[in-house]
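**Student:** here are the coordinates; sequence isn't available:
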């Protein structure tokens, strides 16, 4: 009972302390919830409501740079085409099937290499198979057609150079003629690259890069032949350089002219860029997705869509997704935004317009 005189201090005795029940005075903390719906997606929780810190940016590898893997694909494709046809190639008088087939084979296998290179990097066997099967007939047809037109351009150029006094291939004027003629071969690779990528803009960038690279390869072909004294070695080096230069140029031009893209800052593809060509880009764990994300069981088959309408670019999520650390279902992207899906993080970037 309270004392009658309110001015007197309250006294607590030993008996009062002994009567306190500590178990009811301090409620126990509830254990962490393990109810369904609390799955963890890498560093993203499906039940989280607040911000999520983006993963630390990882250092990329040169293997994921477009100019590198396209250059390597062109080099390997060209060398394979040369290796198939070279045993049936005759120097000097006489002709065998290798003399007619060597350039179409080189171009066809270059085209296949360009078509499947990105999907190999993305580790998507399904896309490699589909794109390779599509590129094969395209490459065969375009290689023979473009070889025909390249031959016409070359013969006209040689005739004009001869009238100007260029009589042998030691004259640099004829190196330029070959370079101009071979731009047609580079255009073939760029066209197939764009058709397989289902983008007219990608085809345009690929064609421009292919023309530049093939011109370089064509102009150095004769100097290489002179340095190696002709024969199989000179053709191997010359065609290999043609494929390498064409692929590298396609990658550089495509990267230089891109408008909008994702740069992967974290995850198995850290360092790779995905250029956004299509009005609708699908992101998910299905291999047929435009951006295929592997090694994360918590990413949905079709996890998100990037939609482009004029200057507006938005991302629509079907699964857990964060933009700059905040959970999002629909978000209009701004250059510099970090998009996080499971263990992957992407930095969205746009080319500055003046």
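**Tutor:** Looks like it arrived, so ask away. Remember, predicted model here, so these are calculated numbers, not experimental data.

**Student:** now the strands for the chain?
**Tutor:** Assigned strands in the chain, in chain order: 40-41, 44-45, 260-266, 273-275, 280-284, 291-292, 304-309, 312-317, 322-323, 326-327, 330-332, 338-341, 344-350 (criterion: DSSP state E).

**Student:** against which helices or strands is the fourth one packed?
**Tutor:** In this structure, strand 273-275 makes packing contacts with helix 231-257, strand 260-266, judged by 3 or more CB pairs under 8 Å, 6 or more residues apart in numbering; DSSP states H and E. C-beta here means a position set from N, CA and C on the backbone, and glycine is covered the same way.

**Student:** among those, which is nearest residue 295?
**Tutor:** Residue 295 lies closest, by CB to CB, to one member of the helices and strands packed on strand 273-275: strand 260-266, at 12.6 Å.

**Student:** could you pull up the mean pLDDT of that closest one?
**Tutor:** Here strand 260-266 scores 96 as its mean pLDDT.

**Student:** for stretch 334-344, what is the distance to the chain centroid?
**Tutor:** 17 Å (CA atoms, centre = their mean, to the nearest Å).

**Student:** actually, stretch 198-214.
**Tutor:** 15 Å.

**Student:** quick one on the thing from earlier: just the strands of the chain: most buried one?
**Tutor:** Highest mean neighbour count among those (mean count of other CB atoms under 10 Å): strand 338-341, with a mean of 24.

**Student:** how about the strands of the chain in a markdown table, adding distance to residue 231?
**Tutor:** Listed next are the strands of the chain as a markdown table, based on distance: least, CB to CB, whole Å:
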| stretch | distance to residue 231 |
| --- | --- |
| strand 40-41 | 59 |
| strand 44-45 | 60 |
| strand 260-266 | 44 |
| strand 273-275 | 41 |
| strand 280-284 | 48 |
| strand 291-292 | 44 |
| strand 304-309 | 52 |
| strand 312-317 | 54 |
| strand 322-323 | 59 |
| strand 326-327 | 64 |
| strand 330-332 | 61 |
| strand 338-341 | 54 |
| strand 344-350 | 48 |
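
**Student:** among the ones you listed, which is nearest residue 157?
**Tutor:** Closest among the strands of the chain, using CB to CB: strand 273-275, at 35.0 Å.

**Student:** please identify the pairing partners of that closest one and their relative orientation?
**Tutor:** strand 260-266 (antiparallel) (DSSP bridges).

**Student:** tell me how this structure divides into domains.
**Tutor:** Split into domains by automatic domain parsing, the chain comes to 62-257, 260-350.

**Student:** so which of those domains gets nearest residue 55?
**Tutor:** Closest among those, once you apply CB to CB, is domain 260-350, at 3.8 Å.
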